[in-house]
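Chemist: please find the sequence and the predicted model below.
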Amino acid sequence: MKSVVITGASSGIGWATSKLLLDKGFRVFGSVRKQADAVRLIGEFGGNFKPLLFDVTDEAAVLAAAREVRAALAGETLAGLVNNAGIVVPGPVLEVSADEFRRQMDVNVIGTIIPTQAFAPLLGVEASLRGPKGRIVMISSVAGKNGNPLTSAYVASKHAIEGLSESLRRELMLFGIDVVIVAPGPVKTPIWGKGRVEIDMSKYQNSPYLPALQKASAFMQRLDSIGLPPQRIAEALYDALTLPNPKVRYQITPDRMRHLMTAYLPKRVVDRIIAKRLGLMPRAGA
């Protein structure tokens, strides 16, 4: 039975990917941060789901989980590592504190490096293990190639994931381990809307960005209606883990025309379109 580790398995993309892989006959080791989520997921998924209790920024806990997975594999390789866990810290660059920016990068960037280093030996860096080499799938975002305002810390973290993944893919060729990026557009997941990215407007009552933040917040609340279902991203992840020759990057977005517009129009034109939409054009006399 092939085994995969997925970080951030309690909801959204991680939950949907766990379910799909289990349905396809995989064993899934999924990370959660709360014991209650571990118990819930065992009930939802059954015996082939093995919860791993750790925060992706806690190196000691991740290494302990890697030892647990090693014992369960009993000398065989791990088929895949999906670096999925992440958060969104909203706000403009001028008003996001250094501590908040640091937390964004710790979770979304360092929080992929720690599991990658911990589980890479099991993917086949350690030559004594039996079985085919595994793969690493990095969850990026369309934000990894664009620069939407007012989520600049998140955008920076996903640009970092894009560059990190490219370098890592080339480094791991030495061991025959592939690295694939999956970059979704808006997804119906608790990271958006009424979940972990709700903007605290009380922090911005005296900010010149308040009107734009209110418009951005309203857009985030609409993501439930326009976003992709997490199951669609799970299907791309399954392809990334199992196809004989996967692409290096899968981008999945519900609004292809908007993607084409931002990808091919001159940057200055896109700047003005976005600024007008959010009310970020210079004020008269400014």
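Modeler: Okay, I see it.
Chemist: quick check: which ranges of the protein have low pLDDT?
Modeler: Within the chain, the ranges that satisfy pLDDT under 70 run 189-198, 223-225, 255-259, 284-286.
Chemist: helices of that one, start to end?
Modeler: Using DSSP state H, the helices found in the chain span residues 12-23, 35-45, 59-73, 98-105, 111-120, 152-171, 210-221, 223-226, 230-242, 256-264, 267-278.
Chemist: how many other residues sit next to the closest residue to residue 78 other than its chain neighbours?
Modeler: Spatial nearest neighbour of residue 78, chain neighbours left out: residue 122 (4.0 Å); criterion: Cβ to Cβ, 6 or more residues apart in numbering. No exception for glycine: its C-beta is placed from N, CA and C like everyone else's. Residue 122 has 21 neighbours, counted by other Cβ atoms under 10 Å.
Chemist: how close does residue 122 sit to residue 173?
Modeler: Relative to residue 173, residue 122 is positioned 18 Å away (Cβ to Cβ, to the nearest Å).
Chemist: also residue 230?
Modeler: Residue 230 is 31 Å from residue 173, where distance means Cβ to Cβ.
Chemist: which one of those two is surrounded by more residues?
Modeler: Of the pair residue 230 and residue 173, residue 230 is the one with more neighbours under other Cβ under 10 Å, namely 23 against 11.
Chemist: show the contacting residues for the more buried one.
Modeler: With contact set as Cβ atoms under 8 Å, 6 or more residues apart in numbering, residue 230 has these partners: 12-13, 15-17, 187-189.
Chemist: try it again with 7 Å
Modeler: By Cβ atoms under 7 Å, 6 or more residues apart in numbering, the contact set of residue 230 is 12-13, 15-16, 187-189.
Chemist: residue 139 is in contact with residue 182, isn't it?
Modeler: Yes: using Cβ atoms under 7 Å, residue 139 makes contact with residue 182 at a distance of 5.7 Å.
Chemist: and residue 147, how many neighbours does it have?
Modeler: 15.
Chemist: quick check: the residue lying closest to it once chain neighbours are set aside vs residue 263, distance?
Modeler: Counting by Cβ to Cβ, 6+ apart, residue 155 is the residue found nearest to residue 147 once chain neighbours are left out, at 5.5 Å. From residue 155 across to residue 263, the span is 16 Å (Cβ to Cβ).
Chemist: neighbour count for the two, which is higher?
Modeler: When neighbours are counted by other Cβ under 10 Å, residue 155 and residue 263 differ, and residue 155 comes out ahead with 22 against 12.
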